[in-house]
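>>> A predicted structure for the sequence below; I have some questions about it.
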Amino acid sequence: MASRELLLSDTFLKLADTLVDDFDVIEVLSMLSGRCVEMLDAAATGILVVDANDDLQVMAASSEEVSVLELFQVQSEEGPCLDAFRSGQAVIHEDLRGPNPWGRFSTMATGAGFLAVQAFPMVVRSKVLGTMNLFMSRPGSLGVEDVIVAQALAQAATLTLLQNQAAEDSHRLMSQLQGALNSRVTIEQAKGVVSELGHIGTDEAFLRLRSYARRHNAKLTDVAADVVRRTLPEKARSELFRALSSPPPPRP
């Protein structure tokens, strides 16, 4: 297994590439979400970003359970990730089984096996673009080194969203984020199609879509759109679904 130093270096190199090359926001943030689980003492990770109406939306998650939990926070307007977004400060809760201000959220989180949470705002100047949220399977908080790494990754995710554009160009930035959020909807639909046709879980379906896109040097969002519209060429469609019977690709 690669050391954290190697994973961290590789992650920042991939994020640096987004500053000078065309890239898929959801693919990059999904990679970052997965890497957080590998590098930090966290069981799962979710990333929320703000849309054009200043509302948070789920952009990436390391598992379907976290995606549902993050969506619940947004819809119920309750949870540590919402608090981190509103305050612009990290929110830490070491044991969700004890007293906390998020009754419904904590019940849902502990039911999913998450007993602690740390939410980090993604901030550029005075603008909070979203939050990066770490969920732990046991009580406690991240160690000092893990907190430093998590904050650095949250800041790197923020720079990724900016895509090397001036922070003052808020209208263009919000338009970019809204486009990525729209693409996320298409990817969720494609996950459902692949899950149903392949008789597999949605987490594995997402890994299959990413693997196919990488093999063909295509954007994940473009592949997802073709799956949803049923416009994949016959050969490509055969390749994608034939892969469902093979072992799943390793997580990045």
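Yep, that arrived. Residues are numbered from 1 along each chain as shown.

>>> So which residues of this structure form strands?
Secondary structure of the chain by DSSP state E: the strands cover 44-50, 56-61, 91-93, 116-124, 127-136.

>>> Quick one: closest of those strands to Phe206.
strand 56-61 (9.6 Å; CB to CB). C-beta here means a position set from N, CA and C on the backbone, and glycine is covered the same way.

>>> Rebuild the strands of the chain as TSV, extending it with mean pLDDT, mean neighbour count and distance to Phe85.
Shown next, in TSV, are the strands of the chain (pLDDT from 0 to 100; neighbours: other CB atoms under 10 Å; distance: least, CB to CB, whole Å):
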stretch	mean pLDDT	mean neighbour count	distance to Phe85
strand 44-50	92	26	7
strand 56-61	90	24	6
strand 91-93	94	19	9
strand 116-124	92	24	6
strand 127-136	92	26	5
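
>>> Please tabulate these in TSV, including the columns distance to Glu38.
Formatted as TSV, these follow (distance: least, CB to CB, whole Å):
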stretch	distance to Glu38
strand 44-50	10
strand 56-61	14
strand 91-93	21
strand 116-124	16
strand 127-136	12
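
>>> To Glu188, which of these lies closest?
Taking those one by one with CB to CB, strand 56-61 is closest: 9.1 Å.

>>> Which elements pack onto the closest one?
helix 25-39, strand 44-50, helix 64-76, helix 80-87, strand 127-136, helix 170-198 (3 or more CB pairs under 8 Å, 6 or more residues apart in numbering; DSSP states H and E).

>>> hmm, try it at 7 Å
With contacts defined as 3 or more CB pairs under 7 Å, 6 or more residues apart in numbering; DSSP states H and E, the packing partners of strand 56-61 are helix 25-39, strand 44-50, helix 64-76, helix 170-198.

>>> That one pairs with which strands?
strand 44-50 (antiparallel) (DSSP bridges).
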